[in-house]
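> Here you go, sequence then predicted model.
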Amino acid sequence: MEHAHHVEHPDMYDEESSKIGMWLFIFTELLLFGGLFIVYSIYRYLNPEAFHLAGEELNRTIGTINTVILLISSMTIAMSTTALRKGHKKVAIALVVVSFVIGFAFLVNKYFEWGVKFSHGIWPGSEQMLAEMSQGEILFFGLYFVMTGLHALHIIIGMIIMLFTIRGLAIGKVTIKRPSMLDNCGLYWHLVDLIWIFLFPLFYLIH
Amino acid sequence: MYNEVNNASNFVQGVDKAFLITIGISFLFLIGLTVVMLVFVYKYNKKRHPKATQIEGSTRLEIIWTVIPFLITMFMFYYGWAGWHPMHKPPKDAMEITVYGRMWNFSFEYDNGRRTDTLFLPVNQPVKLNLVAMDVIHSLYIPAFRVKQDMVPGKKDNFMWFEPQREGTYELFCAEYCGLQHSYMYTYVEVMKDSAFQAWITDTASVAASVATVESPAATGKRIMQNIGCFACHTLDGTKLVGPSFKGIWEETQTVTTGKEKRQVKIDEEYIKRSIYDPNADIVDGFQKGLMLSYEGQLSDEDVNHIIEYLKTVK
Amino acid sequence: MSEEKHQHVVPYRVYVIILIALLILTFSSVGITSIELGEYTVAAALIFAVIKSFLVLTYFMHLKYDKLYIRVMVGFVFALFLVVIIITFLDYLFRT
Amino acid sequence: MQTTSAVNGANYLTYQGKYKGLLGWIFSTDHKRIGLLYLYSIATMFTTGVLLGLAMKFELLAPGKTIMEAQTYNATFTVHGVIMIFMVVIPGLPAVFGNILMPIMIGAKDVAFPKLNLLSWWLYVLGVMLVLAALLFGNGSPDTGWTFYAPYSFKTGTNMLPAIFGAFVLGFSSILTGLNFLVTIHRLRCPGMKWTKLPLFVWTLYGTAWIQLLATPVVGITLVLVALERIFGVGIFDPALGGDPILYQHLFWIYSHPAVYIMILPAMGAISEIIPTFSQKHIFGYKAIIASTMAIAFVGYLVWGHHMYTAGMSGPAQYYFSLLTFIVAIPSAIKVFNWISTMYKGSINVQTPFYWAISFIFVFMIGGLSGLVLGSLATDVHVHDTAFVVAHFHYIVFGGTGFAFFAALHYWFPKIFGRMYDKAWANTGWLVFFIGFLALYTPMFYLGLMGMPRRYYDYLEEFHSGNILSTFGSWVMVTGFVIIIVNLIRSARKGAPAEANPWHGKTLEWTIPSPPPVLNFETEPVIGENDGPYNYE
Ligand code: HEA
Ligand code: HEA
Ligand code: CUA
Ligand SMILES: [Cu+2]
């Protein structure tokens, strides 16, 4: 397929096109979460007490740890774009790998965090929630699972993109002349970070 | 507009004025612009006007036709607002009636506990309808009065008000789509003289009592079921609607899901009672949970006994 | 197009500095929300989040080095979202 | 065979790539071929939707049961709405004419991301399949109306999930098309093609693409929430668990109001091309039209609440939404004034596309002006959720976007297929169609004012006469439709070869052969200081 299209269409690679393409995609992602932020803020406004109470059930420490490691991974992936431009291909690959590993650690943390909730009988639609919680708390946990779940899904997508980027770097498809894939992988990962920057205070900090 | 009656309620004038203004101006624009367009098409046709004169635009015109429509629309906005504004300020002395909307009927409850499925009102007396939706969103719409308000489940302070100003019978529709029988969810408003209304509302007890003594329990059961709307979901002839048919229901064995497990039950008095007061406890195979709502508080034990008597006779 | 490419190689140092700033902000926001501020907790936490996201956008996401029109677009999208939230609240704030 | 061009000795229709036959189409990344793929798939869905519409009109011919049960009717209008909105008019003009013509109009070889473009079409097909799966399998087709209002949408026992995911995938396809167009317009304009020299159709696509990009994700997440509600019962819109059904409506309309401008903007763009060409005159107020396009795109994002006047919003929200609704009507008015002024002192060549264009203006005015009645608070309370609304949106969605679609089809047909259609039949088809249209939808305004609610399977006797006329109109209209379609299909295969520039247009697509060569231009065009899309002499 690749070959035929080069005949049909000359190489249309353009760094700036790729970049704004990625930004535009990020906009849609922001608004996707934006919808959830609207829901969250409305329900928080309508049920201040319940959100306060429910928020205390979440573990701040795990939240903070996850914030810290996500920030670090954001830095490493940003650095790898610099490394590529300086011509240090191996460093660039290593930095993406580090970011990948940190992303994985984030997921592991999340897994344990959710696991604890499940073992307390808290999951969407669980009988215990319906029996013991006020409506506001049910909403809080509903949103908690949906928003952090969707965020975790984005982490996974980000990690898949990283895998492709590592491959691209390794086989020389992503080079100093064609860095867009790495740049875009970075942009996407920062988006994931950006969203977490808001999720963290909204769920873990505001009591 | 709904032209037979032009003063059926206190809002008709405000709303109709807004209609007249908006539609009137619209017609002027529509006809004016269409005529101008057709004249141009005729006059500047290639045959009559072989060479076009190039004109790229005119800032002055652009400003004119931005500002004028702006003013016109603000004028329309004002009348729309003026006709609508009073709808949200019920007077203190309004008579309060609670309206229950459920799939797929309305019922109206008066101060003294009287319930009906037709809305009876005294003329020239402001009424405030407190709207309660039991399952999904419905919307109470009385075209002749120009009023409509959605009945949203769980919403606090959901109300509408108006003052009927003319005796007569008017249609009342459910305007928000609410499922299978949405188009049959309508009833009537009966506006009557104050004296007639007073007589009607205080007469409750006697009417009920006389019916009860004359009818057999089974017939009473059927009447209750018709009034409260069971047949919106259940048939008597074996066809499946939203709920299972009542045909041959008595002492039949039914597969139901209780909690998570399936079991067989024989339909007896207790089961029917539970089906009415706590319908989601046992879900009949092949039917959806959450559609039938509890009638606790709406049907007394006695009513339910009548219903059971009736169901025994449905063969 | 190829000339514009290799212009801004951001030194590693910048990223490290930004990370440190972000971490400090994170811990401060954790700290400040543990104190009882009542009403202002939400505001405080959100202000920290906004500053942090600003840093991520400008440095990690390179907006500082990008063309003006890209920055305008990003600003526009955030502004639009803010307006949408405000309008939605227009309904809820005045519900009785 | 077809008129050939210099590149590879073949035009885009006959070009042989790596794949042959059908595969050469469904794996092609050529924007023109993708555009045609969209044309064929949209036409198929459109025909399905039309048949459902006819079935509904048949049912409404008389009170009581005519041809179907209530449940079938409810499923019919739901599927009709979902097909028409998500599969026909939202992709409609951008995906078909935008794809085929926009790159040519800006002097580019293709869109910025050709493979992504193909992916969009595949996603469109996938979305269609999912929705169709909801109809064919499971416990019956969805019966919620295209608005999927909570809480009914998670109470109903029908097969909602595939439909919801289908709508989600269709939204994703739409986002990717928008993204592609934005990048293309930003980056691939040929030398000298400044923003102020872009054809207006391209400008409207630009505005539309922004809405697609920024509004669609909101409905995406809303639909996901409904799906999660159905699967897990998370409680977010369920009043029994504290959720607020009105919030669902906010989120739904945050997308779906801007979506109506996704439908109409490219239609307005096509009209803005056709009128100058057939008047052989510079468009009147080029910059004003651009400004109004962007104003519609932007303000249109902020008025969603006018669908909820009776839902129980607070007072200030209602004033605000009504006020802004009136304001968003003004840019549309500006466009109408400019179109009509373009005809002034022109040299008008009345051909089929021009008939469609002026009838577009006429029905668009009726649709738009009835929108004002709906935007006004007092009057909307009376006509909300009645046949009046149904009349409004058929006039403007179908009369607007549909008529513009036909105008565009007849305008660019010779370019796309390299053949000319039979003009006499085309005009006859238009006339029959137009008369049928008026007879079909005008009575609905009256029925709505009389108080007939929408989505009613059955109605009271007093609404009978209006419905008879309307049903009758639907038959006339379908006759017109058949004439038009048969004529076009025949001509695409057997019509006389078309010239490169049959209408004497000035935009770039008329400078290349019909049908266009594979890479559009032999040499990259350059726009001089004095050239312009509407510089007629
Ligand atoms: C292509 C799609 C499209 C477009 C362009 C529009 C355009 C407009 N719409 Fe419409 N609308 C729909 C599609 C569309 N609509 C659909 C699908 C629904 C129903 C959804 C559902 O519930 O299922 C709907 C419903 C709808 C409602 C909700 C009704 C209800 O449910 O109660 C309202 C209320 O304000 C409204 C208003 C408007 C207005 C003011 C415009 C304006 O943009 C119109 C502007 C145009 C003009 C004004 C005409 C041209 C100008 C002149 C002739 C000059 C003179 C003008 C002036 C002096 C101002 N529309
Ligand atoms: C584009 C949008 C579109 C189109 C074209 C149509 C076309 C038709 N519609 Fe409808 N309709 C909707 C969008 C549309 N509709 C929506 C969104 C709803 C609301 C659903 C809901 O309530 O949830 C609705 C609801 C609706 C109802 C109301 C149901 C109710 O409330 O009870 C009815 C009633 O009769 C109806 C009838 C018809 C008929 C008879 C046709 C047609 O069959 C008329 C005949 C048409 C033609 C003969 C051809 C026209 C050709 C073109 C426009 C372009 C062709 C393009 C190509 C070939 C590629 N439609
Ligand atoms: Cu109740 Cu429609
Ligand atoms: Cu709208």
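Good, I have the coordinates. Ligands and ions are numbered 1, 2, ... in the order given.

> can we go C-alpha only for contacts and neighbour counts from here?
Fine.

> Make sure D:E522 is indeed in a strand.
No. Read with DSSP: H, G, I helix; E, B strand; the rest coil, D:E522 is coil and lies in no strand.

> tell me the mean pLDDT over the helix or strand C:I86 falls within?
Using DSSP states H and E, C:I86 sits within helix C:68-93. Averaged across helix C:68-93, the pLDDT comes to 91.

> right, is it up against chain B?
No. Figure legend: helix C:68-93 not in contact with chain B (C-alpha under 8 Å from any C-alpha of the partner chain); closest approach 12.3 Å.

> try stretch D:524-537
Yes. Judged by C-alpha under 8 Å from any C-alpha, stretch D:524-537 comes into contact with chain B at D:Y536, D:E537.

> Any buried residues in that stretch, and which?
D:P525, D:I527, D:G532, D:P533, D:Y534, D:N535, D:Y536 (16 or more other C-alpha atoms under 10 Å in any protein chain shown).

> ok, so of those residues, who is nearest A:A131?
D:P533 (67.5 Å; C-alpha to C-alpha).

> Can you give the distance of stretch D:131-139 from its chain's centre?
25 Å (C-alpha atoms, centre = their mean, to the nearest Å).

> Restricting to C-alpha, output that stretch in CSV.
Taking C-alpha atoms only, stretch D:131-139 is exported to CSV below (Å, rounded to 0.1, in the frame of the first residue of the first chain):
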residue,chain,number,x,y,z
VAL,D,131,-26.4,1.7,13.8
LEU,D,132,-27.9,-0.8,11.4
ALA,D,133,-26.9,-3.6,13.7
ALA,D,134,-29.0,-2.0,16.3
LEU,D,135,-32.0,-2.3,14.0
LEU,D,136,-31.5,-5.8,12.9
PHE,D,137,-30.3,-7.6,16.0
GLY,D,138,-31.3,-7.5,19.7
ASN,D,139,-34.7,-6.5,21.1
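
> separation between A:I102 and chain B?
41 Å (C-alpha to the nearest C-alpha, to the nearest Å).

> Can you name the helix or strand that that residue falls in?
helix A:89-119.

> just B:V189 next, same as before
Per DSSP H and E: strand B:186-192 holds B:V189.

> Tell me the helices and strands packed up against that strand.
strand B:105-109, strand B:119-122, strand B:168-174 (3 or more C-alpha pairs under 8 Å, 6 or more residues apart in numbering or on different chains; DSSP states H and E).

> Can you check which of the ones you listed gets nearest to D:H384?
So among the helices and strands packed on strand B:186-192, strand B:168-174 is nearest, using C-alpha to C-alpha, at 11.8 Å.

> Could you check the closest one against ligand 2 for contacts?
No. Against ligand 2, strand B:168-174 shows no contacts by C-alpha under 6 Å from any ligand atom, the least distance being 13.0 Å.

> If we ignore the residues flanking it in sequence, what's nearest residue 148?
Went with chain A since none was named. A:L199 (7.7 Å; C-alpha to C-alpha, 6 or more residues apart in numbering or on different chains).

> Oops, wrong one, chain B.
B:Y141 (4.3 Å).

> Report the contact partners of the one you found.
Contacts for B:Y141 (C-alpha atoms under 8 Å, 6 or more residues apart in numbering or on different chains) come out as B:V147, B:K148, B:Q149, B:L172, B:F173, B:C174, B:A175.

> ok, 6 Å please
B:V147, B:K148, B:L172, B:F173 (C-alpha atoms under 6 Å, 6 or more residues apart in numbering or on different chains).

> mind checking which helix or strand it is in?
Counting by DSSP H and E, B:Y141 is found in strand B:138-142.

> Now that strand: buried residues?
Neighbour-count burial for strand B:138-142 [16+ other C-alpha under 10 Å]: B:H138, B:S139, B:L140, B:Y141, B:I142.

> same question, stretch A:58-69
A:L58, A:R60, A:I62, A:G63, A:T64, A:N66, A:T67, A:V68, A:I69.

> secondary structure class for the third one?
Three states are possible here, and by three-state DSSP the one that applies to A:I62 is helix.

> what's the weakest-modelled helix or strand in chain A?
helix A:2-8 (a mean of 39; mean pLDDT, DSSP states H and E).

> one step back: any part of the helix holding A:I102 near chain D?
No. Judged by C-alpha under 6 Å from any C-alpha of the partner chain, helix A:89-119 and chain D are separated, with a smallest distance of 14.0 Å.

> Please report phi then psi for the closest residue in space to D:E59 that isn't next to it in sequence.
Excluding the flanking residues, the one nearest D:E59 by C-alpha to C-alpha, 6+ apart is D:T66, at 5.0 Å. Torsion angles at D:T66 (phi, psi; degrees, to the nearest 10) stand at phi -110, psi -60.

> Show the pLDDT at D:T66.
77.

> Repeat that for the one 3 residues further on.
Predicted confidence (pLDDT) for D:E69: 78.

> Going by secondary structure, D:V389 is in what exactly?
helix D:387-393.

> just checking, what packs against that helix?
helix D:423-450 (3 or more C-alpha pairs under 6 Å, 6 or more residues apart in numbering or on different chains; DSSP states H and E).

> which helices and strands sit right next to the longest helix seen in chain A?
If you go by DSSP state H, chain A has its longest helix at helix A:135-171. Judged by 3+ C-alpha pairs under 6 Å, 6+ apart, helix A:135-171 is in contact with helix A:48-55.

> Now the helix it packs on: average pLDDT?
82.

> Same question for that helix: list its buried residues.
For helix A:48-55, by 16+ other C-alpha under 10 Å, it's A:A50, A:F51, A:H52, A:A54, A:G55.

> so who does D:Y344 touch?
Neighbours of D:Y344 in contact, by C-alpha under 6 Å, 6+ apart: B:F40.

> and it, backbone torsions?
According to degrees, to the nearest 10, D:Y344 has phi -60, psi 120.

> Tell me how many other residues surround the residue in chain A that ligand 1 sits nearest to.
Nearest to ligand 1, among the residues of chain A, is A:G35, at 20.4 Å (C-alpha to the nearest ligand atom). The burial count assigned to A:G35 is 23, neighbours taken as other C-alpha atoms under 10 Å in any protein chain shown.

> how far away is it from chain C?
9 Å.

> What is the neighbour count of the closest residue to that residue other than its chain neighbours?
Excluding the flanking residues, the one nearest A:G35 by C-alpha to C-alpha, 6+ apart is D:V218, at 5.3 Å. Counted with other C-alpha under 10 Å, the neighbours of D:V218 add up to 27.

> Hmm, D:V218 is touching A:G34, no?
No. The criterion here is C-alpha atoms under 6 Å, and D:V218 misses it with A:G34 at 7.4 Å.

> contacting residues around the most centrally placed residue in chain D?
Nearest residue to the geometric centre of chain D (C-alpha atoms, centre = their mean): D:V89, 2.6 Å. Residues counted as contacts of D:V89 (C-alpha under 6 Å, 6+ apart) are D:M263.

> let's see 10 Å
With contact taken as C-alpha atoms under 10 Å, 6 or more residues apart in numbering or on different chains, D:V89 is in contact with D:42, D:46, D:83, D:95, D:259-260, D:262-264, D:267, D:397-398, D:401-402, D:405.

> Now do the residue in chain A that ligand 3 sits nearest to against D:F237, distance only.
Relative to ligand 3, the nearest point of chain A is A:Q135 (25.6 Å; C-alpha to the nearest ligand atom). According to C-alpha to C-alpha, to the nearest Å, A:Q135 stands 12 Å off from D:F237.

> Who has more neighbours out of these two?
Each of A:Q135 and D:F237 has its neighbours counted (other C-alpha under 10 Å); D:F237 has more, 26 against 19.

> Unless I misread the structure, that one falls within a strand.
No. Counting by three-state DSSP, D:F237 is not part of a strand but coil.

> For the closest residue in space to it that isn't next to it in sequence, pull up the helix or strand it's in.
Excluding its sequence neighbours, the residue lying closest to D:F237 (C-alpha to C-alpha, 6+ apart) is D:G243, at 4.2 Å. Per DSSP H and E: D:G243 is located in neither a helix nor a strand.

> What are the phi and psi values at D:G243?
Dihedral angles for D:G243 - degrees, to the nearest 10 - are phi -70, psi 160.
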